[in-house]
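In: need a structure here:
(one chain, ligands or ions: 1)
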Amino acid sequence: MIDAPELARSLRVRGVALAAAGGALRFFPADALSDAERADLAIHRDALLAVLAEDQARRERTMRAQAPEEGPVPFLMVTEGPHPPGHCASCGAALVPSERYRCGPCAWAAWTALAGVTSARDTP
Ligand SMILES: [Zn+2]
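Out: Sure thing, here's the model as predicted:
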């Protein structure tokens with residue numbers, strides 16, 4: 001039987017976005033999974049939520065370490081690039097159709113990492 005990290009990786013490789021939302025698993029596109037895969041998601045729900053939380057925390061730590069306290073912000077990366085077109089510019093994962101430059105987890109991590117950065121225009 002497939003384990004939670006492998007299930008998450010296999011879905012991502014196929015272009016299925018998997019995310020935690022309010023303690024539930026969400027995936028896109030909605031018709032991307034077979035009934036057997038939906039059953040696997042249900043079996044591994046708690047483990048997948050833990051994998052997603054750990055992965056998100058790693059992205060946020062990596063990006064936060066690159067974010068300055070103020071001033072110009074570099075493009076925040078999770079893994080060294082450049083990454084090829086059609087892949088996340090921050091981590092290199094294949095993008096799904098709803099994603100443009102960064103995958104959903106990296107976009108959220110960048111937003112979180114930059115939440116505390118102040119603009120030079122903000123300082124007196
Ligand atoms: Zn990414």
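
In: so where is the chain shaky, pLDDT-wise?
Out: Applying pLDDT under 70 to the chain flags the ranges 116, 118-124.

In: center of it - which residue?
Out: Pro105 (1.8 Å; Cα atoms, centre = their mean).

In: hang on, that one packs against Asp55?
Out: Yes: in this structure, Pro105 is within contact of Asp55 by Cβ atoms under 8 Å, at 6.6 Å. All C-beta atoms are positioned from the backbone trio N, CA, C, and that covers glycine.

In: show me where this structure has strands.
Out: Here the chain has its strands, by DSSP state E, at 17-21, 24-28.

In: near the ion, which residues of this protein show up?
Out: 88, 90-91, 93, 103, 106 (Cβ under 5 Å from the ion).

In: how about those residues in TSV, adding neighbour count and distance to Asp31?
Out: Putting the residues of the chain next to the ion into TSV (neighbours: other Cβ atoms under 10 Å; distance: Cβ to Cβ, whole Å) gives the following:
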residue	neighbour count	distance to Asp31
Cys88	23	23
Ser90	24	28
Cys91	19	26
Ala93	22	21
Cys103	24	20
Cys106	26	25
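
In: possible to save these as a markdown table with distance to Leu48?
Out: Shown next, in a markdown table, are those (distance: Cβ to Cβ, whole Å):
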| residue | distance to Leu48 |
| --- | --- |
| Cys88 | 20 |
| Ser90 | 22 |
| Cys91 | 18 |
| Ala93 | 16 |
| Cys103 | 16 |
| Cys106 | 18 |
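
In: Tell me the one of those residues nearest Glu60?
Out: Lowest distance from Glu60 to the residues of the chain next to the ion (Cβ to Cβ) belongs to Cys106, with 9.8 Å.

In: if you skip the residues just before and after it, what's nearest to the closest one?
Out: Spatial nearest neighbour of Cys106, excluding adjacent residues (Cβ to Cβ, 6 or more residues apart in numbering): Ser90 at 3.9 Å.

In: The one you found against Val78, yeah?
Out: Yes: the pair Ser90 / Val78 is scored as a contact, 4.9 Å apart, by Cβ under 8 Å.

In: which parts of the helix of greatest length in the chain are buried?
Out: Counting by DSSP state H, the longest helix found in the chain is helix 45-66. Residues 48, 51-52, 55-56, 59-60, 62-64 are the ones in helix 45-66 that count as buried (16 or more other Cβ atoms under 10 Å).
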